[in-house]
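Asker: A predicted structure for the sequence below; I have some questions about it.
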There are 2 protein chains.
Amino acid sequence: MAPPAEDTPRAPLTRDRVLETALGVADRVGVDAVTMRRLAVELGVKPMSLYHHVPGKDAILDGLVDRVFAEIDVPPEGLPWKDAIRLRCLSARAVLRRHPWATPLLEGRTSPGPATLHHHDAVLSCLRRGGLSLALTAHAYAVLDSFVYGFALQEATLPSGGDEGIAELAEHMVETFPAGAYPHLVELATHHVQQPGYGFSASFEFGLDLLLDGIEAAAGRRL
Amino acid sequence: MAPPAEDTPRAPLTRDRVLETALGVADRVGVDAVTMRRLAVELGVKPMSLYHHVPGKDAILDGLVDRVFAEIDVPPEGLPWKDAIRLRCLSARAVLRRHPWATPLLEGRTSPGPATLHHHDAVLSCLRRGGLSLALTAHAYAVLDSFVYGFALQEATLPSGGDEGIAELAEHMVETFPAGAYPHLVELATHHVQQPGYGFSASFEFGLDLLLDGIEAAAGRRL
DNA sequence: GCTTCTGCCTTACTTAGTACGGCTGGCTTG
DNA sequence: CAAGCCAGCCGTACTAAGTAAGGCAGAAGC
């Protein structure tokens, strides 16, 4: 059937193929399914063979985080800092929506990879070249990161079905409340979340613009 | 030695005592040390006995999260919404600094406890009674939560030594960089973080006030 | 005094990460 | 061309952790 010269029983194991497989498993089944044994099966190999290419499971998770950072789009050159940062934040959130399992890993992982470091450096570069002082840059950096990760984290725990999924969840939760308890949660759940046109996502741009405008104003005051 | 009438070999096991012990272990050793076996030892009991008082480990983690929420201070009555929310956010962050292990647990846990729900309801109540529309309340809620959790999450992964600890970490990291790479990270680390008077914490109030002012302005525009 | 029930224990299974050493086939080297 | 070496993979086994199933003993009630 196949040409006998190259039946390639399988490609040789490499760190890269391990990470590739891990990313696939995480996207398809969830990050909890990323176990050494599972990866071994998917690669047609025995568990301990993985250790010849990665130091251990932590290194795999570190590698996954770095791959996710690498997916964040780089904005075109020449944009004003505010627009460039805005695009980066939007892209970061989009990436984290594609890989919801990744968000809890982002923080908490020590030893950032090259893509991670490069991303952070690029953000700082953009702010500084926009004329922000070092002190204000540090504030902006901390604040924007916090917001983007925090928001992504909330989205990651929400049901995957998007805004209708949220509405469904809200209905479920309200049903379990003791009657009369948490009136404002109930109000929000029934009169807002379950209304047509609701979108949790809209809050992201709302908050992001609040922060960006505020940073811009602070920059104008030479802070 | 001891009075024979009541040597109280040990208090009876209860869900509350289990949670109490778990909280202690998490604070002293970290949340990873909260294992069923460890809790059993601390309570002078065998592991499986715990299951007669809690359904499983997840329930214990849920309980811990709820206890943490319960520690958030309630602001005095009669404050303007902005001040009241500000105090709540500051208190929430302070609580999460006391229990750094808790931050990654907050989101991701399904089935929130009564203290958690009550806290959320109180925040919503405050915003609505401040005159914010339901839509703006939803935005404000999502945005503030994201920021507070995101910031706390960053703090949780930072070294516990406070701002000097950060400076030390920054120095360490810079040393591992290839020469010339990540110039802006290096600049930030050496010319800002390691300067006397630096405080990562200051960024929290910076960002919080940006958000609160922005929300207030939006409320003024009757959004 | 016997029953029942509550509270704790015993045993054992499952999943995961990973330490340690063995085997083998292809490439280097004489 | 043959011998050997080594990179890459495998087998075995240990540890830690969650938890399912049933047993036993002392206290409370009939």
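Answerer: Looks like it arrived, so ask away.

Asker: longest helix of chain A?
Answerer: helix A:134-157 (DSSP state H).

Asker: okay, the angle between the helix or strand just after it and helix A:134-157?
Answerer: Downstream of helix A:134-157, the first helix or strand assigned by DSSP states H and E is helix A:162-176. Interaxial angle, helix A:162-176 versus helix A:134-157 (axes from the mean of the first three to the mean of the last three CA atoms, to 10 degrees): 70 degrees.

Asker: Which residues does helix A:162-176 contact?
Answerer: Residues outside helix A:162-176 that contact it (CB atoms under 8 Å, 6 or more residues apart in numbering or on different chains): A:158-159, A:161, A:185-186, A:188-190, A:193-194, A:198-201. Any C-beta I mention is one placed from the backbone N, CA and C, and that applies to glycine too.

Asker: The strand or helix carrying residue A:58: how far from the chain's middle?
Answerer: Secondary-structure assignment from DSSP H and E places residue A:58 in helix A:57-70. Mean-position distance between helix A:57-70 and its chain equals 12 Å (CA atoms, centre = their mean, to the nearest Å).

Asker: That helix and DNA strand C, any residue contact?
Answerer: Yes - for helix A:57-70, a contact with DNA strand C is found by CB under 7 Å from any atom of the strand, at A:57, A:58.

Asker: is any part of that helix close to DNA strand D?
Answerer: No - shown here: helix A:57-70 not in contact with DNA strand D (CB under 7 Å from any atom of the strand), separated by at least 13.3 Å.

Asker: Please identify the residues of chain A in proximity to DNA strand D?
Answerer: Counting by CB under 7 Å from any atom of the strand, chain A sits next to DNA strand D at A:12, A:13, A:40, A:44, A:45, A:46, A:47, A:48, A:49, A:52, A:53.

Asker: and the two most separated of those residues?
Answerer: Across these, no pair lies farther apart than A:12 and A:47, at 17.1 Å, counting by CB to CB.

Asker: Just give the nearest non-adjacent residue to the residue nearest the centre of chain A, would you?
Answerer: Most central in chain A under CA atoms, centre = their mean is residue A:96, positioned 2.6 Å from the mean C-alpha point. Nearest-residue entry for residue A:96: residue A:152, 3.9 Å, with adjacent residues in sequence omitted and distances by CB to CB, 6 or more residues apart in numbering or on different chains.

Asker: any idea how far residue A:153 lies from residue B:210?
Answerer: Residue A:153 sits 20 Å away from residue B:210, going by CB to CB, to the nearest Å.

Asker: any idea how far stretch A:128-139 is from the chain center?
Answerer: 25 Å.

Asker: Does it reach chain B?
Answerer: Yes - using CB under 8 Å from any CB of the partner chain, stretch A:128-139 reaches chain B at A:128, A:134, A:135, A:137, A:138, A:139.

Asker: okay if I get the residues you listed as TSV plus neighbour count, distance to residue A:81 and pLDDT?
Answerer: What follows is the residues of stretch A:128-139 next to chain B, written out as TSV (neighbours: other CB atoms under 10 Å in any protein chain shown; distance: CB to CB, whole Å; pLDDT from 0 to 100):
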residue	neighbour count	distance to residue A:81	pLDDT
A:128	18	9	97
A:134	17	14	95
A:135	17	16	95
A:137	25	10	97
A:138	22	15	97
A:139	25	14	97
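
Asker: quick revisit: now, the residues of chain A next to DNA strand D that are in helices?
Answerer: residue A:40.

Asker: Can you mark which positions in whatever helix or strand residue A:212 lives in are buried?
Answerer: Take DSSP H and E as the rule and residue A:212 turns out to sit in helix A:202-220. By neighbour count on 16 or more other CB atoms under 10 Å in any protein chain shown, the buried set for helix A:202-220 is A:203, A:204, A:206, A:207, A:208, A:210, A:211, A:212, A:214, A:215, A:218, A:219.

Asker: what's the neighbour count on the residue of chain A at minimum distance from chain B?
Answerer: The nearest approach of chain A to chain B comes at residue A:150, 2.6 Å away (CB to the nearest CB). When neighbours are counted by other CB atoms under 10 Å in any protein chain shown, residue A:150 registers 27.

Asker: Any idea which helix or strand in chain A has the lowest mean pLDDT?
Answerer: Every helix and strand in chain A was compared by mean pLDDT, DSSP states H and E; the lowest is helix A:162-176, with a mean of 87.
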